[in-house]
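J.: okay, sequence plus prediction incoming.
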Amino acid sequence: MAVIEKKPDMSHGIWAEDGNVEAPSEGKVKEGWVVEKPLNEYMNWIMNRQDRMLQYLNQQGIAGWDENTTYPINAFVSRDGIVYKALSQNFDKDPTLHSNIWQIAFSTYQDVDGIKSEVDKIKNNDGYLTKYVQKSTPILFGVSKGVGYAGQDLSRGVFFNSNQNAVIRSGSGVEYNFNGTKEQDNDVIRRSDLRAILEAYTRYNIGDLYVTTNIDNPSKILGYGTWQRFAEGRTLVGLSEQSTEAPTWTKIMKNTYGENEHRLTVQELPTFRAETQMSRAGTVPSDGDWTYLGGSNGHANDNIQDSWGIMKSYPIGGNQWHNNVQPSTVVAIWIRVA
């Protein structure tokens, strides 16, 4: 088929524009020519209609809508200066009244020009769109939705898993997981969560002892609790539940015993008997208190042989137990074995 590269010359006007034109009947139009001599009026009508349509399309570009034409899907028509496109095949459906059947095919220049003006402002005016990142200060102030944020290496960055929990990937896998469970090795927890976990394992309950060389009140170190000094100037002795071996004073919690200084009483001295060598008149044999060592003369100046020996005194000391405990306070001392 030949390609028409030049528009035909329509300057000669429309055929039979001033001639004898007569429209044939609708039946004749449908029947067409038979073996006959066509009337010149009919021929003028046919050619006139064709020329008028060609001239109309040449002038208008797109045919206007009319109620007598069946329009297929994707057909284009003009209505009140606006071009419409058919969304479905239709008949006698005015485009201005049936937006579900027709849609405006093209934007007007004014619409595009307005968009162009906005685009130019977005391109040239940094910060014109408040919800977008500025070139000068690339900070996102609005909420951004997406599946993740990666660097140049797409396997590294912040992503959201199927549970909508944030994870940080380093290429080889998930390094940090923000799922809030605090159960896996790579779960990220808050400082308050970490403090709660540490306190659960190390927290001192009421009645526990805290031993330190720090002079500050433990509330400053641990961040909780009301504390008082305990057993000042005393050492600690473990509470005893033994029935016989331990002293009675060790069986009462927080009991105190002992003193800084103690002078032994006679009753607390070990029982003993003093011995001294002496002479006794006459011959005195040994007994429980006297040990005879031999005779001697003249000690009593009576010319009678005297006795020389060792005399024991009466028993001295009550042989009782004395306090030998340093200043102490009884507490419960436990050791964790597992």
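T.: Great, that's in hand. Numbers count the residues shown, from 1 in each chain.

J.: so where does Phe230 fall, helix or strand?
T.: Assigned by DSSP states H and E, Phe230 falls within no helix or strand.

J.: give me the nearest residue to it, chain neighbours excluded.
T.: Nearest residue to Phe230, sequence neighbours excluded (CB to CB, 6 or more residues apart in numbering): Leu209, at 7.1 Å. Placement of C-beta: from N, CA and C, glycine included.

J.: now Gly148
T.: Nearest to Gly148 is Phe159, by CB to CB, 6+ apart, at 3.3 Å.

J.: show residues contacting the helix or strand harbouring the one you found.
T.: Phe159 belongs to strand 156-160 when assigned by DSSP H and E. With contact meaning CB atoms under 8 Å, 6 or more residues apart in numbering, strand 156-160 is reached by 146-151, 166-171.

J.: go with 7 Å
T.: Outside strand 156-160, the residues within contact range by CB atoms under 7 Å, 6 or more residues apart in numbering are 147-151, 166-171.

J.: can you check stretch 304-318 too?
T.: With CB under 7 Å, 6+ apart, stretch 304-318 has contacts from 266-284, 289-297, 299-300.

J.: next one: it to chain centre, how far?
T.: 93 Å (CA atoms, centre = their mean, to the nearest Å).

J.: with only the CA atoms kept, save it in CSV.
T.: The C-alpha trace of stretch 304-318 is given here as CSV (Å, rounded to 0.1, in the frame of the first residue of the first chain):
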residue,chain,number,x,y,z
ILE,A,304,64.5,-31.7,167.5
GLN,A,305,65.0,-32.9,164.0
ASP,A,306,62.8,-30.9,161.6
SER,A,307,61.5,-31.8,158.1
TRP,A,308,62.5,-30.1,154.9
GLY,A,309,60.0,-30.3,152.0
ILE,A,310,57.5,-28.6,149.6
MET,A,311,54.2,-27.3,150.9
LYS,A,312,51.2,-26.7,148.5
SER,A,313,48.7,-24.0,149.0
TYR,A,314,45.0,-24.3,148.9
PRO,A,315,43.6,-24.5,145.3
ILE,A,316,43.4,-21.2,143.6
GLY,A,317,41.1,-20.4,140.5
GLY,A,318,37.6,-21.5,139.6
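
J.: before we move on, the earlier item: residues near the residue nearest to Gly148, how many?
T.: 18 (other CB atoms under 10 Å).

J.: where does pLDDT dip in the chain?
T.: Applying pLDDT under 70 to the chain picks out residues 131, 141-142, 180-183, 297-303, 322-324, 336, 338.

J.: in it, which spans are helices?
T.: For the chain, helices defined by DSSP state H occupy the ranges 26-31, 40-60, 109-124, 191-202, 218-222.

J.: distance to Lys7 and mean neighbour count for those helices - can I get that in JSON lines?
T.: Below are the helices of the chain laid out as JSON lines (distance: least, CB to CB, whole Å; neighbours: other CB atoms under 10 Å):
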{"stretch": "helix 26-31", "distance to Lys7": "29", "mean neighbour count": "10"}
{"stretch": "helix 40-60", "distance to Lys7": "7", "mean neighbour count": "14"}
{"stretch": "helix 109-124", "distance to Lys7": "24", "mean neighbour count": "10"}
{"stretch": "helix 191-202", "distance to Lys7": "80", "mean neighbour count": "10"}
{"stretch": "helix 218-222", "distance to Lys7": "95", "mean neighbour count": "12"}
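
J.: kind regards, and thank you for your time.
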